[in-house]
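# test case, fold it:
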Amino acid sequence: MSLNGGNGYTNAALLVSALGFCYAIHKVLDGYLRTPSTVHALRGPDSPSWRLGNVPDVRAPFNNKTFQGWIETYGMTFATYGFFGAKHLVTADPKAMSFILSHPTEFSKPMRGLKGTRYLLGTGLLAAEGLEHKKQRKILNPAFNMSAIRDISPTLIQVSQQLVEAWKRELSCSNTPDAVKEFDITDWASKAALDIIGLAGFGYKFNSIEKQSDELAMSFIKLVGGISSFGFEDMVIILIPALRFLHTSRMRHRATIRRRVGAEIIAEKKAEVELLGTDDLLHSKDLLSILIRANMNENEAERLDDDTLLAETSTFILAGHETVATAMSWGLLALARAPAVQSRLRDELLAFPSDSPTMDELNAMPYLDNVVKEILRLTPPIPTTKRIIKTDAIIPLAFPVVGKDGKEIFELLPERFEKLPEAVNEVPSVFAHLSTFASGPRGCIGWRLAVLEMQALLFTLIRTFQFDVVPGIEIIPRIGLALNPQVKGQESKGRQLPLRVSLYGI
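The predicted structure is shown next:
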């Protein structure tokens, strides 16, 4: 085979480069001119590079201690430099955060982020704005209320127990002394989270823990992998909309899988509703079934169309899989680094007389509750959130006093939640005075499910296994779609988090 037209390819490459350069200049000028003068006047860290600003300080790898240092130096509200000299307001002030998050019209998500989400998932809840977001949220709410989450809680315990049995089999085949084996926690947490979202979200058995997935399940797994492996070509096309006609085979494949998988599941659930009606007592309790019934109960003008339902399906997969898998990975690492906390937690969990607690019984375990809160405080899967101001606004500030326990804020210390200061009431939150799930009209709709998943997984795993760090390796955080763990020096292997795992009591 021969390829002709080399000059044409070169011209095309030059055209792409020229378009990219022009677009970059446009964004630099646009960003600078839109930045309010008050932000330029704020104190903040110096920029080590006009081209990169302070971005490398926090993203390579992500470093929350850098943010803490800036807060101690400049206060709760300051400015940092972005790309090409642009300035960004950064705040950890609770009153400011509450004001910004409760006014989504004035403080919207960045268009670049919205375009990226729509590109990957479609215009579902994460990408919708204004009245469309409000409509989707209203229809989705029944799938995430307390009753719906309680109904699916046995599923979470069931999958957690499957993970325990899979690890026991792995350890029984181990040739190492004392049946200790290194597990890549990110891999197993991802499998467990996918099986949970399959059953709880769609009523479908992916069996990824058991490695017995059928064709449809394998398509789901490929879809998750495709969404998670956000590549350079994806970023280029999001940043330069003029290049969206350059669909690569990978992009086309991902879109085909998303449409095929989602359409098949949605058609199955719609057929069930048409057969049995919209009475909740007669139907499956999975989230998509509840969503479709709620959608069909709306008047025709308010219903979500099939493309939106497809986008919600993709959103369920990403939000219900990526974030929980990431939180569990960091959580088990934190417990491996804090053996005293792990031991105290295990004592509480072993005192429970059953292997299958209900949601209410899990919520009634005080130390488990505090451990989950502390994990989400220390390593939130999405550590920052961005907003673009659309109009002039006066942002109120609380100027809270910096705590005296600064030396221990990066340690796993669940006891801190036993007696909280009154100042935490100022923090905008849907759970435990934490900003992990944001708040306001765009707060995380699935926070109850995420918390319950972590409780169920920790309950079953900590009762059965001992977790220890692997000597000689350093785990570093990298910003991707979530705060992914990587092994320092092995970044090319992508996300991984090896821990030593052994059966407790042996």
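# so for the longest helix belonging to the chain, what's the average pLDDT?
Ordering each helix of the chain by length in residues (DSSP state H) puts helix 306-337 first. Confidence over helix 306-337, taken as the mean pLDDT, stands at 87.
# and the strands in the stretch 1-150 of the chain?
Taking DSSP state E, counting those that start in this stretch as the criterion, the stretch 1-150 of the chain contains strands spanning 77-81, 87-91, 107-108.
# centre-most residue in this structure?
By C-alpha atoms, centre = their mean, the mean C-alpha position of the chain lies nearest to Thr323, the distance being 3.1 Å.
# count of neighbours near the residue nearest to it when sequence neighbours are not counted?
On the basis of C-beta to C-beta, 6 or more residues apart in numbering, the spatially nearest residue to Thr323 that is not a chain neighbour turns out to be Pro381, at 4.1 Å. (Each C-beta comes from the backbone N, C-alpha and C, glycine too.) One way to gauge burial is a neighbour count; for Pro381, by other C-beta atoms under 10 Å, it gives 22.
# what's the answer for Asp57, then?
The number of residues packed around Asp57, counting by other C-beta under 10 Å, is 19.
# Gly440 too?
Counted with other C-beta under 10 Å, the neighbours of Gly440 add up to 16.
# then Gly489?
As a burial measure, Gly489 scores 10 neighbours (other C-beta under 10 Å).
# how near is it to Ala336?
Distance, Gly489 to Ala336, using C-beta to C-beta, to the nearest Å: 20 Å.
# try Gln68
For Gln68, the distance to Ala336 (C-beta to C-beta) stands at 23 Å.
# need the helices for the stretch 1-150 of the chain, in chain order.
Per DSSP state H, counting those that start in this stretch, the stretch 1-150 of the chain carries helices over the ranges 6-34, 37-40, 55-59, 64-74, 94-101, 111-121, 130-140, 146-172.
# the fourth one vs strand 77-81, what angle?
In this structure, helix 64-74 runs at an angle of 120 degrees to strand 77-81, with axes from the mean of the first three to the mean of the last three C-alpha atoms, to 10 degrees as the basis.
# what's the angle from helix 64-74 to strand 87-91?
Between the axis of helix 64-74 and that of strand 87-91 there is an angle of 90 degrees, by the same axes, to 10 degrees.
# low-confidence ranges in this structure?
Per-residue confidence for the chain (pLDDT under 70) gives these ranges: 1-38, 60-61, 174-178, 212-261, 277-283, 399-409, 506.
# the closest residue to Phe107 other than its chain neighbours: neighbour count?
Leaving aside its sequence neighbours, Phe107 sits nearest to Arg387 (C-beta to C-beta, 6+ apart; 4.1 Å). Arg387 is flanked by 18 other residues according to other C-beta under 10 Å.
# in contact with Arg387, which residues are there?
If you count contacts by C-beta atoms under 8 Å, 6 or more residues apart in numbering, Arg387 has them with Ile100, Phe107, Ser108, Lys109, Pro110.
# can I get the helices of the stretch 1-150 of the chain in JSON lines including distance to Val501?
Written out in JSON lines, the entries for the helices of the stretch 1-150 of the chain read as follows (distance: least, C-beta to C-beta, whole Å):
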{"stretch": "helix 6-34", "distance to Val501": "46"}
{"stretch": "helix 37-40", "distance to Val501": "48"}
{"stretch": "helix 55-59", "distance to Val501": "31"}
{"stretch": "helix 64-74", "distance to Val501": "27"}
{"stretch": "helix 94-101", "distance to Val501": "38"}
{"stretch": "helix 111-121", "distance to Val501": "33"}
{"stretch": "helix 130-140", "distance to Val501": "37"}
{"stretch": "helix 146-172", "distance to Val501": "6"}
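# nearest to Phe183, out of these?
Each of those has some distance to Phe183 by C-beta to C-beta; the shortest is helix 146-172, at 7.1 Å.
# buried ones in that closest one, by neighbour count?
For helix 146-172, the neighbour count (16 or more other C-beta atoms under 10 Å) marks 148-149, 151-157, 159-164, 166-167, 171 as buried.
# ok, residues contacting stretch 344-354?
So stretch 344-354 is in contact with 335, 361, 365-368, 371, 414, 458-459, 462-463, 504, going by C-beta under 8 Å, 6+ apart.
# neighbour-wise, which one of those residues leads?
Of these, with other C-beta under 10 Å as the count, Val371 tops at 27 neighbours.
# picking up where we left off before, going by distance to Thr80, which of the contacts of stretch 344-354 wins?
The shortest separation between Thr80 and any of these is 31.4 Å, and it belongs to Pro414 (by C-beta to C-beta).
# what sits against that closest one?
Pro414 makes contacts with Val341, Leu345, Tyr367, Asn370, Val371, Lys373, Glu374, as judged by C-beta under 8 Å, 6+ apart.
# centre of the chain to the longest helix of the chain, how far?
Relative to its chain's centre, helix 306-337 lies at 5 Å (C-alpha atoms, centre = their mean, to the nearest Å).
# got the angle between it and helix 111-121?
100 degrees.
# okay, buried residues for the next helix or strand after helix 306-337 please.
Of the helices and strands lying after helix 306-337 in sequence (DSSP states H and E), the nearest is helix 339-350. Within helix 339-350, the residues scored as buried using 16+ other C-beta under 10 Å are Val341, Gln342, Leu345, Arg346, Glu348, Leu349.
# who's in contact with whichever helix or strand comes after helix 339-350?
The first helix or strand that comes after helix 339-350 along the chain, using DSSP H and E, is helix 359-363. Residues from elsewhere that reach helix 359-363 (C-beta under 8 Å, 6+ apart): Ile149, Arg150, Ser153, Phe352, Leu368, Asp369, Leu452, Gln455, Ala456, Phe459.
# 6 Å instead, please
If you take C-beta atoms under 6 Å, 6 or more residues apart in numbering as the criterion, helix 359-363 is touched by Arg150, Ser153, Leu452, Gln455.
# and the furthest pair within these?
Looking at the contacts of helix 359-363 by C-beta to C-beta, the two members farthest from one another are Arg150 and Gln455, with 12.8 Å of separation.
# any idea which of the helices of the stretch 1-150 of the chain gets closest to Leu309?
Closest approach to Leu309 among the helices of the stretch 1-150 of the chain is made by helix 130-140 (9.7 Å; C-beta to C-beta).
# angle of the closest one against helix 306-337?
Between helix 130-140 and helix 306-337, the angle comes out at 70 degrees (the same axes, to 10 degrees).
# which outside residues touch helix 130-140?
Contacts made with helix 130-140 from outside it, assessed by C-beta under 6 Å, 6+ apart, are listed as Leu125, Ala128, Ala294, Asn295, Ile445.
# 10 Å instead?
Helix 130-140 is contacted from outside by 104-105, 108-109, 123-128, 144, 287, 290-292, 294-298, 301-304, 308-309, 311-312, 315-316, 441-443, 445-446, using C-beta atoms under 10 Å, 6 or more residues apart in numbering.
# restricted to buried residues, select those residues in PyMOL.
Entered in PyMOL, the line below selects the buried ones among the contacts of helix 130-140, by 16+ other C-beta under 10 Å:
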select buried, resi 104+108+109+123+124+125+126+127+128+144+287+290+291+292+294+295+303+304+308+309+311+312+315+316+442+443+445+446
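# number of nearby residues for Gly198?
Using other C-beta under 10 Å, Gly198 is surrounded by 28 other residues.
# now it: closest residue in space that isn't a chain neighbour?
Going by C-beta to C-beta, 6+ apart, Gly198 has Phe206 as its nearest residue, at 3.9 Å.
# and the one you found, helix, strand or coil?
At Phe206 the chain is in coil, as set by DSSP: H, G, I helix; E, B strand; the rest coil.
# try Arg495
Arg495 carries the three-state label coil when classified by three-state DSSP.
# doesn't Thr326 make contact with it?
Yes. With the criterion set as C-beta atoms under 10 Å, Arg495 and Thr326 qualify as a contacting pair; they are 8.3 Å apart.
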